[in-house]
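1. Pasting a predicted model and its sequence here:
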Amino acid sequence: MSTTMGPDARGEFVGADGQSFGGRFMPEALIAELDELTRVWEEAMADPAFTGEFERMLREYAGVPSMLYEAARFSEIAGARILLKREDLNHTGAHKIRNVLGQALLAKRMGKTRLIAETGAGQHGVATATAAAYLGLECVVYMGKVDTERQALNVARMNLLGAEVVAVDSGSMTLKDAINEAIRDWVASVEHTAYCFGTAAGPHPFPAMVRDFCRGIGDEARAQVLELTGRLPDIVTACVGGGSNAIGMFTAFLGDADVRIVGFEAGGDGVETPRHAATIHAGEVGVLHGARTFVLQDADGQTVESHSISAGLDYPGVGPQHAFLAHSGRADYQPVTDTEAMDALAVLARSEGIICAIESAHALAGTLRLAAENPGCTILVNLSGRGDKDMGTAIEWFGLGSPDGAAP
Amino acid sequence: MTAFGTEHAFAKTRAEGRAALVGYLPAGFPDVAGSIEAMTVMVEAGCDIIEVGLPYSDPVMDGPTIQAAAQQALEGGVRTSDVLRTVEAVAATGAPTLIMTYWNPVDRYGVRRFAADLANAGGAGLITPDLIPDSGADWITAADEHGLDKVFLVAPSSTDARLAMTTAHCRGFVYATAVMGVTGARASTSDLAGPLVARAKLTTDLPIGVGLGVSNGAQAAEVAAYADAVIVGSAFVRALLDNPDRAAGLEALRVLTEDLAAGVRGTR
Ligand SMILES: Cc1ncc(COP(=O)(O)O)c(C=O)c1O
């Protein structure tokens, strides 16, 4: 299975035209560790004791498998049959817990005593802090200063869980800079520290490893949709930041040629402006954070700052397998603006009583667009997280909070 | 090997029975003309080889000092073409001049075009902190075509197999990172560097340079006892950051370089 899915032994996803994505562009100081991590991970995935423990933790602790939910009233508005994979109901409120439990268990297997992580929205940081508490590991989370402000609730959660949160004030003070700082920590601490990477990006083996820890999303959803409807969905959608929830959902459907796969990137103020994070749509192939992939960059290869209302999608790179899937045409990727996402968030809240994360709202907004183009079809959407963390942003955006305040 | 290759510098230092002093500054810091002037002072005061840093937005191997300088250079608008121009000016002093760069700016410029333009500017080669030979086939080909130095890094964590593979791909010298960590001056030298140099020497006859953390002549002398080159970066940047007045900054650079140069000569 993984032979057809990639990557190759060098961690590269290579297109029919020879274009390669992924690989390893990292300091030599970390290569031995990345090799060792690859070895231990491959061994663990073939060890029923490891996979059994991972599945037990997901089931007993994280609330997985998550439900598939037929969103009837939202479907009526959309004009298509919309099925939601409820990753928002997982413990800690997002799909991120799947990846984190897998990596934390691996860290234990490797004898590490400390976890570090980067986080944008804070969901991955919260999940890592949670796993560290659950498994008795020390935890430090790097978070851009801008993000500590717009996701203050999650900073407080991490603190309560016993993690140290470091506000990163270099560069754009968002996710990419948090990753830089986590790598700097790791170069110095690798002997006893595992870098629990939060998305399906970075150097090999992270893109493949994070995918495989998240692929339960799609494996479960595919079976759930078949059970509910008797057939495969017409379209599968997810939002794409670095790409963990999306690749977790898409993997099960890559071999289903009739299923259309669409990822939605953050379009910010619009891709015609400089303020967006639509990396695949508007970026060019380059190297960022250890992998060859699409990058928002200038003519000299300097990374361009991204912008999105959603901290979790505010990243100028993207996981290399998504770059590969876009390049090969198997999946397509479209931008969704801040406004479209916030509108969709309100529509879901009003029609279904579900407040989702702003990241996930990008997938919903894109889904409404696809539904309008394909009335009557069945669309499976990964609802990657819940919106508690985003209430501050929502209060500001919609002017909420006063008893007779305006309705969105 | 170009007319400006590091081989000549090492032939000279070997003949003198001492280690080479390699000095690093980012191009465009404090501005393009200022960085050229500063590196010229470093050559005059005793640096044998110069590393011109190509400022990059995401320098994952650099600590706060070099990050601050790179950010200042980028905010000042430095372009890749300015870096090549800086190399040309510094190489004209006669000191072999390499570029130290993260990979994406070279990738973006086009590896073959970058190699050609670097050779044209009289540059000696590249030091590539986030490019390992495993991922560097295009660069290796282009460097070979132009006879440019390929300086890959080895680290205390490198396995023996990786050490042998990496040094086999180097030309000019090998860059041994003395500590597990990012760039930045450190109070004491590392006890990981000596054993790393010894292990690297088993795999190659190339000179081995040791970098990360050296900030004064005493430390330089310690490292020079077992390495072929002492590589200093953050301390030079610090001298300029601490002395915003241009003349004072250049004077501080000169004093520091002389101290380090005495260190590598054991005449301190
Ligand atoms: C709920 C939720 N969805 C999606 C993302 C985006 O990450 P990825 O693209 O890795 O799924 C995040 C990141 O923080 C998130 O919290």
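-> Cool, the structure landed.
2. Please make it C-alpha for all contacts and neighbour counts, starting now.
-> Fine.
3. so what does the strand or helix carrying A:E220 touch, helix or strand wise?
-> Applying DSSP states H and E as the criterion places A:E220 in helix A:216-229. Packing partners of helix A:216-229 (3 or more C-alpha pairs under 8 Å, 6 or more residues apart in numbering or on different chains; DSSP states H and E): strand A:68-70, helix A:244-250.
4. which residues are contacting the longest one?
-> Contacting residues not belonging to helix A:244-250 are listed as A:95-96, A:198-200, A:210-219, A:221, A:236-240, A:261, A:263, A:319, A:321-322, A:382, A:384 [C-alpha atoms under 8 Å, 6 or more residues apart in numbering or on different chains].
5. do the same with stretch A:174-191
-> Outside stretch A:174-191, the residues that touch it by C-alpha under 8 Å, 6+ apart are A:29-30, A:33, A:112, A:116-120, A:141-147, A:168, A:170-171, A:193-195, A:289, A:311-312, A:314-316, B:58-63, B:180-182.
6. mind checking the longest helix of chain A?
-> helix A:28-45 (DSSP state H).
7. so what's A:G22 bridging to?
-> A:E12, A:R292 (DSSP bridges).
8. Let me see the mean pLDDT of the helix or strand where B:V230 lies.
-> Using DSSP H and E, B:V230 sits within strand B:229-232. Strand B:229-232 carries an average pLDDT of 97.
9. What is that strand packed up against?
-> strand B:20-26, strand B:208-211, helix B:217-224.
10. re the thing from before, could you point out which element follows the longest helix of chain A?
-> helix A:48-57.
11. Figure out how far that following helix is from the centre of its chain.
-> 22 Å (C-alpha atoms, centre = their mean, to the nearest Å).
12. Likewise for stretch B:68-75?
-> That offset, for stretch B:68-75, works out to 18 Å (C-alpha atoms, centre = their mean).
13. now swap in stretch A:61-75 and tell me
-> On the basis of C-alpha atoms, centre = their mean, stretch A:61-75 is displaced by 18 Å from the centre of the chain it belongs to.
14. still on that earlier bit, quick one: buried ones out of the contacts of stretch A:174-191?
-> Buried by 16 or more other C-alpha atoms under 10 Å in any protein chain shown: A:29-30, A:33, A:112, A:116-120, A:141-147, A:168, A:170-171, A:193-195, A:289, A:311-312, A:314-316, B:58-63, B:180-182, out of those.
15. Low-confidence ranges, the stretch 301-408 of chain A, go.
-> Along the stretch 301-408 of chain A, the model assigns pLDDT under 70 to residues A:404-408.
16. residues from it in reach of chain B?
-> Contacts of the stretch 301-408 of chain A with chain B, taken as C-alpha under 8 Å from any C-alpha of the partner chain, map to A:G301, A:Q302, A:T303.
17. Include neighbour count when you put these into JSON lines, please.
-> Shown next, in JSON lines, are those (neighbours: other C-alpha atoms under 10 Å in any protein chain shown):
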{"residue": "A:G301", "neighbour count": "25"}
{"residue": "A:Q302", "neighbour count": "21"}
{"residue": "A:T303", "neighbour count": "22"}
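18. Give me the subset of those that lies in helices.
-> Among these, no member falls in helices (DSSP H).
19. Read off the pLDDT value for the residue in the stretch 151-268 of chain B positioned nearest to the ligand.
-> Nearest residue of the stretch 151-268 of chain B to the ligand, counting by C-alpha to the nearest ligand atom: B:V182, 26.8 Å away. B:V182 carries a pLDDT score of 89 in this model.
20. returning to that earlier point: out of the helices and strands packed on strand B:229-232, which comes closest to chain A?
-> Between chain A and the helices and strands packed on strand B:229-232, the shortest gap by C-alpha to the nearest C-alpha is with strand B:208-211, which sits at 13.2 Å.
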